[in-house]
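Asks: Give the three-dimensional model of this entry:
(one chain, ligands or ions: 1)
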Amino acid sequence: MRLIQNMCTIAEYPAPGSAAAAADCCLGAAGRRLVKIAVVGASGVGKTALVVRFLTKRFIGDYERNAGNLYTRQVQIEGETLAIQVQDTPGVQVRENGLSCGEPLNRCIRWADAVVIVFSVTDYQSYELIGQLHQHVQQLHLGSRLPVVVVANKADLLHVKQVDPQLGLQLAGMLGCSFYEVSVSENYNDVYNAFHVLCKEVSHKQQPSGTPEKRRTSLIPRPKSPNMQDLKRRFKQALSAKVRTVTSV
Ligand SMILES: Nc1nc2c(ncn2[C@@H]2O[C@H](COP(=O)(O)OP(=O)(O)OP(=O)(O)O)[C@@H](O)[C@H]2O)c(=O)[nH]1
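Replies: Next comes the predicted model:
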């Protein structure tokens, strides 16, 4: 697993359509399909810890507000090596009138091929904004339904748990997303599986539509092309019949 960390924070993130963005999309040019994933959610739910755990298998215990870093690595999905870019993002704020997602975060969501929405089982408010956040993500991708996975983090903190896993599962089901309850601090596999499922969904979406359509067989059997013997025989019959009529005249 190769981790190339581009310290490209969201603020410097190339605006879609810019030369930098065009250069960015050529990552796939190295013969690898590119999957771009944004990790979003409320502050302090463990977004950075989740990204670092996925990329390095390590857990970071120290808490510092992140500005949003971009990481790149390669993953194997169904035998294919994909290049994936994972964009960590600052915590989404909740105001009285709902979510407050600044333009840099919106640009990052528009850039993404898929999104991981994280909440913490120890923070009921971070769970409550999942529905609005999912709706906001899909609104920024009008016309194509973006693959999203919902991750409930900090499952190890049983003594301060505020959100039952069933609630997360039901919500994800309603939103049509996969759901994972994980503990980034305790377990790597669940974290890996959440990203793996998402990469698979994107990969299936990016692939040309399925297997080449079977040639439609016509319901009306096509006339068989007569073979030469058949033609000669019929020609002779026609000829001899003609001769008969002439002679019979
Ligand atoms: N016990 C426990 N602590 C965790 C877990 N995941 C993250 N943390 C801790 O939660 C705190 C916040 O983690 P971050 O990854 O910085 O959270 P964030 O969502 O990036 O936070 P912002 O930068 O504010 O958006 C850190 O002290 C982490 O060590 C977990 O699974 N279990």
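Asks: how about the residues of this protein near the ligand?
Replies: 43-49, 60-61, 63, 65-66, 90-91, 153-154, 156-157, 183-185 (Cβ under 6 Å from any ligand atom). All C-beta atoms are positioned from the backbone trio N, CA, C, and that covers glycine.
Asks: Narrow the residues you listed to those that are buried.
Replies: 45-49, 66, 90-91, 153-154, 183-185 (16 or more other Cβ atoms under 10 Å).
Asks: would you turn these into TSV with pLDDT and secondary structure?
Replies: Listed next are these as TSV, based on pLDDT from 0 to 100; DSSP: H, G, I helix; E, B strand; the rest coil:
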residue	pLDDT	secondary structure
45	96	coil
46	95	coil
47	95	helix
48	93	helix
49	94	helix
66	63	coil
90	88	coil
91	88	coil
153	98	strand
154	98	coil
183	97	coil
184	97	coil
185	96	coil
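Asks: Confirm residue 146 sits in a helix?
Replies: No - under DSSP: H, G, I helix; E, B strand; the rest coil, residue 146 falls outside any helix and is assigned coil.
Asks: check contacts around it.
Replies: The contact partners of residue 146, taken as Cβ atoms under 8 Å, 6 or more residues apart in numbering, are 112-115, 137-138.
Asks: ditto for residue 86
Replies: By Cβ under 8 Å, 6+ apart, the neighbours of residue 86 are 37, 39, 51, 54-55, 70-73, 195.
Asks: Swap in 7 Å and give it another go.
Replies: 37, 39, 51, 55, 71 (Cβ atoms under 7 Å, 6 or more residues apart in numbering).
Asks: element containing it?
Replies: Taking DSSP states H and E as the definition, residue 86 sits inside strand 80-88.
Asks: Tell me the buried residues in the helix or strand where residue 174 lies?
Replies: With secondary structure defined by DSSP H and E, residue 174 is part of helix 165-175. Of all the residues in helix 165-175, those buried under the rule 16+ other Cβ under 10 Å are 168, 171-172, 175.
Asks: and residue 193, what does it touch?
Replies: residue 180.
Asks: tell me which element it is part of?
Replies: helix 189-206.
Asks: what comes up buried for that helix?
Replies: Quick answer for helix 189-206 (16+ other Cβ under 10 Å): 190-191, 194-203.
Asks: for stretch 33-43, same thing?
Replies: In stretch 33-43, the ones that count as buried by 16+ other Cβ under 10 Å are 33-42.
Asks: Same question for stretch 84-101.
Replies: 84-92, 94, 101.
Asks: what does stretch 76-85 give?
Replies: For stretch 76-85, by 16+ other Cβ under 10 Å, it's 77, 82-85.
Asks: Name the nearest residue to residue 141, sequence neighbours excluded.
Replies: Leaving aside its sequence neighbours, residue 141 sits nearest to residue 110 (Cβ to Cβ, 6 or more residues apart in numbering; 7.1 Å).
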